[in-house]
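Novice: below are the sequence and a predicted model for it; my questions follow.
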Amino acid sequence: MKSVIGHLSLVLCWLAPAVSWAGVSVSMPLGGYYREGKYMPVGVHVDEPGEVEIRGLGGVNTRVAMTGKDVVAPVLVMRGPLSEMVVRAGGAEAKYAGPTRMLGNSERLVGVVGGDYELAKTLFAPAVVVAVQLNADDPLPGAGVASGMLDGLVMDQPVLERAGAAAIDELLTCGTVVAVKSENPPRLLAVWERQGAYWVGRRNIAGPSGAIVNESAYAPTYGWEPGWPASVRFQVMIMGAVFAAAMILMALVRGRWMVLGQMVIALGALGAEFTFARAHPALFTAAGSVVVRDGGVTQVDSWNYQACVKGTEAALRWNEVTWPMWESTSQLDAMKMELRCDGTGKPIGFVYRLPDRGRAAFMSRAFETTPAMTGNAGQSPMQGVARALYFGDGITPTGQQTDESYGQVLLERRGAK
């Protein structure tokens, strides 16, 4: 079999085509490469700051409230082929006319600053390495998660400092392997190993490595019937009875006072309904988590679920690195989800449309030093998610907790110390 070790493609990102019309231009800082379920960076330039929409077939729309003329924002790609990437700003638009290509399962995209391509090959042998030359002055423009599709990142200490610890931390959370040429390991939470002149750090990801379409992600909601609890429904019944009785009594009053009284009662009922609706929104939420211990590093995946009875507009605030999860492609198409970002390209949250009896799921991932991990005797509904999406590759269960709505499943990577 012909070896693929050493096969290397160098992409000069800054030569990637940028197409401009009427004061709007779009570019691809990573050369148009993408991977399904991962965020990719898209660069936008406008002559006049304002709200900008980035959309393309196969991706989740991104909307940026630009305060300057340039921004790099994350776009979540869900299905290939990615095509018709368009940026709209006011009445103008620009279409990206350069090439886009989905990375294959045997390919690894590595960002390099300094030209040490041999290390890039060594990190992922025998995979096919696609190397991307990054800008040494601004290696990770925008939020770190925007470059979350990178499988590897090779740089020296000064470049690491220019990129910023927050951006590198987000890349590690996305599963990027980071190699830094320095005397000492970076002060970032990861498993660091010395490899020649470099320190190589990684976070061994368990479970989904990005957004997925998998019905198992919704396992905890199978028995969930969203709606107001009995106590709230009882309050509604009492309020209705009180207003109905008041209207009947007022009907016994003669003259103009009857009409005036009924108008006051009706206005009171409308006010009570408005206040009640604000206190009891039509969107219902539940949450659980999956915790994976791997030596001195612990992965904490927080799963958030939303549901409604009647169709409604919904939103979820960005927390840590977050990916939406879908049950089916039809659900993906129907929700019309959009990622909202601030003027620097940093994600703020998601907005979307839930249909009647609709549901949504999100997973937010963080890493921390290993805490004490103890379970209780309860059975967490999250065990269905853990069994389907986390078990395997040395991951074994150690316990469950039921302190929160869907509880918590505790896992450990076999051999971790």
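Specialist: Sure thing, it's come through.

Novice: going by C-alpha atoms from here, please, whenever you check contacts or count neighbours.
Specialist: Fine.

Novice: so which residues of the stretch 51-200 of the chain form strands?
Specialist: Taking DSSP state E, counting those that start in this stretch to define them, one finds strands in the stretch 51-200 of the chain at 51-57, 61-65, 70-76, 83-89, 92-95, 101-102, 107-112, 128-133, 152-156, 177-181, 191-195, 198-202.

Novice: can you give me the neighbour number for Gly104?
Specialist: Counted with other C-alpha atoms under 10 Å, residues neighbouring Gly104 total 12.

Novice: all helices of this structure, in order?
Specialist: Using DSSP state H, the helices of the chain run over 117-124, 157-163, 165-173, 230-251, 256-279, 329-335, 383-389.

Novice: gap between the two ends of stretch 62-79?
Specialist: 16 Å (C-alpha to C-alpha, to the nearest Å).

Novice: buried sites along it?
Specialist: Along stretch 62-79, these residues count as buried under the neighbour rule (16 or more other C-alpha atoms under 10 Å): 62-66, 70-79.

Novice: kindly indicate which of those lies nearest Tyr222.
Specialist: Met78 (24.2 Å; C-alpha to C-alpha).

Novice: closest one to Glu338 among the strands of the stretch 51-200 of the chain?
Specialist: strand 61-65 (4.8 Å).

Novice: just checking: what are the partner strands of that closest one?
Specialist: strand 51-57 (antiparallel), strand 338-341 (parallel) (DSSP bridges).

Novice: tell me the angle that strand makes with strand 70-76.
Specialist: 150 degrees (axes from the mean of the first three to the mean of the last three C-alpha atoms, to 10 degrees).

Novice: chain center to stretch 73-82, what's the gap?
Specialist: With C-alpha atoms, centre = their mean, to the nearest Å as the basis, stretch 73-82 stands 12 Å off its chain's centre.

Novice: can you check stretch 61-73 too?
Specialist: Put simply, stretch 61-73 sits 17 Å off its chain's centre (C-alpha atoms, centre = their mean).

Novice: stretch 147-162 too?
Specialist: Worked out by C-alpha atoms, centre = their mean, stretch 147-162 lies 21 Å from the chain centre.

Novice: tell me the buried residues in that stretch?
Specialist: By 16+ other C-alpha under 10 Å, the buried positions in stretch 147-162 come out as 147-157, 159-160.

Novice: and these as TSV, adding pLDDT and distance to Pro347?
Specialist: Converted to TSV, the buried residues of stretch 147-162 look like this (pLDDT from 0 to 100; distance: C-alpha to C-alpha, whole Å):
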residue	pLDDT	distance to Pro347
Ser147	97	13
Gly148	96	13
Met149	96	16
Leu150	97	18
Asp151	97	21
Gly152	97	22
Leu153	96	22
Val154	95	25
Met155	93	25
Asp156	91	27
Gln157	91	27
Val159	91	24
Leu160	92	22
